[in-house]
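Novice: Generate a structure from the sequence data that follows.
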Amino acid sequence: VQLQASGGGLVQAGGSLRLSCAASKSISILDNIRWYRQAPGNQRELVAAITIGGSTNYADSVKGRFTISRDNAKNTVDLQMNSLKPEDTAVYYCNVPKSLFTRWSDVWGQGTLVTVSS
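Specialist: Numbering: from 1, shown residues only. Take a look at the predicted model:
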């Protein structure tokens, strides 16, 4: 499977963006699809994850502001980001962890840049 992330851009603090991760194959069998982010000089951090059953988990820093969702019919996983803060500025990556269905390789999208101005 290949992943294509999109939707990044420049937004003012308090604004919203919606990121989308499009997969080249069906995601209905893929579990624990994740969004990560990496700010300059920082390590990549997990932002949100969604299971095959639709359960979600979020980093404490984004709880209540970000929502991850999946559309198995469209093979997309979206990240709705509201009330954005300058500290949300980063390159955002979608990820499918290694499994039988990825031939035991982690799969990463190319990243999409989110810049939040103060």
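Novice: May I have the secondary structure class of the one residue sitting closest to the centre of the chain?
Specialist: Geometric centre of the chain, nearest residue: Trp35, 2.7 Å, by C-alpha atoms, centre = their mean. Classification of Trp35 using DSSP: H, G, I helix; E, B strand; the rest coil returns strand.
Novice: quick one, what contacts Asp88?
Specialist: By C-beta atoms under 8 Å, 6 or more residues apart in numbering, the contact list for Asp88 reads 37, 62, 81, 114, 116. No exception for glycine: its C-beta is placed from N, CA and C like everyone else's.
Novice: Could you tell me which of those count as buried?
Specialist: Buried members of the contacts of Asp88, counted by 16 or more other C-beta atoms under 10 Å: 37, 62, 81, 114, 116.
Novice: Show me the shaky parts of the protein.
Specialist: Along the chain, no part satisfies pLDDT under 70.
Novice: And the strands in it, which stretches?
Specialist: For the chain, strands defined by DSSP state E occupy the ranges 3-6, 9-12, 17-23, 33-38, 45-50, 56-58, 66-71, 76-81, 90-96, 107-108, 112-117.
Novice: could you give the angle of the third one to strand 66-71?
Specialist: In terms of direction (axes from the mean of the first three to the mean of the last three C-alpha atoms, to 10 degrees), strand 17-23 departs from strand 66-71 by 30 degrees.
Novice: Now do the buried residues in strand 17-23.
Specialist: Here strand 17-23 shows 17, 19-23 as buried, counting by 16+ other C-beta under 10 Å.
Novice: In a markdown table, list those along with distance to Leu46.
Specialist: Listed next are the buried residues of strand 17-23 as a markdown table, based on distance: C-beta to C-beta, whole Å:
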| residue | distance to Leu46 |
| --- | --- |
| Leu17 | 18 |
| Leu19 | 15 |
| Ser20 | 18 |
| Cys21 | 14 |
| Ala22 | 20 |
| Ala23 | 19 |
